[in-house]
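S.K.: what's the 3D shape of this:
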Amino acid sequence: MSPSPRPSFRILLGLLSLIAVLSGACSSAGTSPSVALSSPTAAPTAAPTATAAPTASPTAVPAFPASLTDDEGTAVKLDAEPQKIVTLTPAATETMFAIGAGDRVVATDDGSDYPAEAAPLPDVATFGTVDVEKIVALDPDLVVAGGLGFTPADAIAKLRSLGVPVLVTYAPSIDGVYHDIELLGDATGQSAEADAVTAGMQQDIDAVSTAASAAATASGSKPRVFYDVGYLPDTGQIYGPAKGSFLEEMVSKLGVDVITADPTTYEIPLEQLIERDPQVIIVGVNAFYKPTAAEIAKRNGWSVLTAVKNGNIRPVDDTEITRPGPRLATGLRNLTLAMYPDITLPPAP
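M.R.: Numbers count the residues shown, from 1 in each chain. Down below sits the predicted model:
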């Protein structure tokens, strides 16, 4: 058995995975196939008889074959409703189960840990590596890959060259998450279910954001908040939301002043963090990264930060906040409760 990687390497691996999900500029929305309705049969104009002639019910045009445009602008043709699906990102896996297509997923990546039904499925990918042969052996009707390098471009190209339909998704914004869920709904014949999921998410996110903004206003100030994505103790590198990123948008829903890194990176220099001086540090914890408040306070140079001096270091489960999938509204609820522990949130729809 090979030795476990050093803690700093495990943190770096987690950071690379997270940054691949969170990075990127806005993409053009893909065009979803519309469902056309045939015109209803006209009612007879002759004088009515004892039995009125029935009007024909509209008939929906079949959704397949379909041509969908993915988040990289590639047109993907699906001849029939997919029955065997491979998902290569945790967000895509969660989406399939949320829209009612989970029973058709035959394999995932090794990060797909939710829902419980997804965990036992075969793994055909890990971050940066895809087992193309294993995927092809499963004879899938659809593969959902991650953009921005989450799924290597050469693996996507190889699968397509072998005739496997591959949709590439990545969401640079909350609206992008809604779009991707609806895109996968169109790709699986579950459009109505996907629309219901996004409608519920939007309702919940809007309600929680309104409550959080009201709490910020009531406090009489707009606190400076740093969301701690990761820290490498060997080098002192600090990671937080990039300017204009998906993560910055999530934290901004709290009605706070978000401390961000440069638009092109998630790394923030210590000098910049000290200059901005966060009043609250929210730490996104996950399997790779779970520092304690005491450990954070001992980091080189961090003792001068107001949040550290006042003990305002608050952990929150990172997964639902940074995974661009159906549980995003739950993530915002958890984020809001970390920021405002005494807040009363509206019930989830």
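
S.K.: okay, CA-based contacts and neighbour counts for the rest of this
M.R.: Noted.

S.K.: who does the helix or strand harbouring Ser67 pair up with?
M.R.: Assigned by DSSP states H and E, Ser67 falls within strand 66-69. Strand 66-69 pairs in its sheet with strand 75-78 (antiparallel), by DSSP bridges.

S.K.: picking up where we left off before, so how far is the strand holding Ser67 off the chain centroid?
M.R.: Mean C-alpha position of strand 66-69 versus that of the full chain (CA atoms, centre = their mean, to the nearest Å) differs by 21 Å.

S.K.: any chance you could map the helices in the stretch 1-150 of the chain?
M.R.: Listed in chain order, the helices of the stretch 1-150 of the chain (DSSP state H, counting those that start in this stretch) span 7-22, 90-98, 132-137.

S.K.: Lowest average pLDDT across the ones you listed?
M.R.: Per-segment mean pLDDT for the helices of the stretch 1-150 of the chain reaches its minimum on helix 7-22, at a mean of 57.

S.K.: and Ala214, what is it in contact with?
M.R.: For Ala214, the contact set (CA atoms under 8 Å, 6 or more residues apart in numbering) comprises Gly255.

S.K.: Check what contacts stretch 184-204 and list those residues.
M.R.: 32-33, 63, 66, 68, 78, 81-82, 95-96, 98-101, 178, 181-182, 326, 328-329, 348-349.

S.K.: Strands - which of those land there?
M.R.: Counting by DSSP state E, those place 66, 68, 78 in strands.

S.K.: Out of these, flag the one nearest to Thr306.
M.R.: Checking the ones in strands among the contacts of stretch 184-204 against Thr306 with CA to CA, the nearest one is Leu68 at 49.7 Å.

S.K.: ok, back up a step: could I get the buried residue list for the strand holding Ser67?
M.R.: 66-69 (16 or more other CA atoms under 10 Å).

S.K.: Let's have these in a markdown table, adding pLDDT and distance to Ala194.
M.R.: Output for the buried residues of strand 66-69, formatted as a markdown table (pLDDT from 0 to 100; distance: CA to CA, whole Å):
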| residue | pLDDT | distance to Ala194 |
| --- | --- | --- |
| Ala66 | 95 | 17 |
| Ser67 | 95 | 18 |
| Leu68 | 97 | 15 |
| Thr69 | 97 | 17 |
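
S.K.: quick one: which two of those residues are the most distant?
M.R.: Ala66 and Thr69 (10.1 Å).
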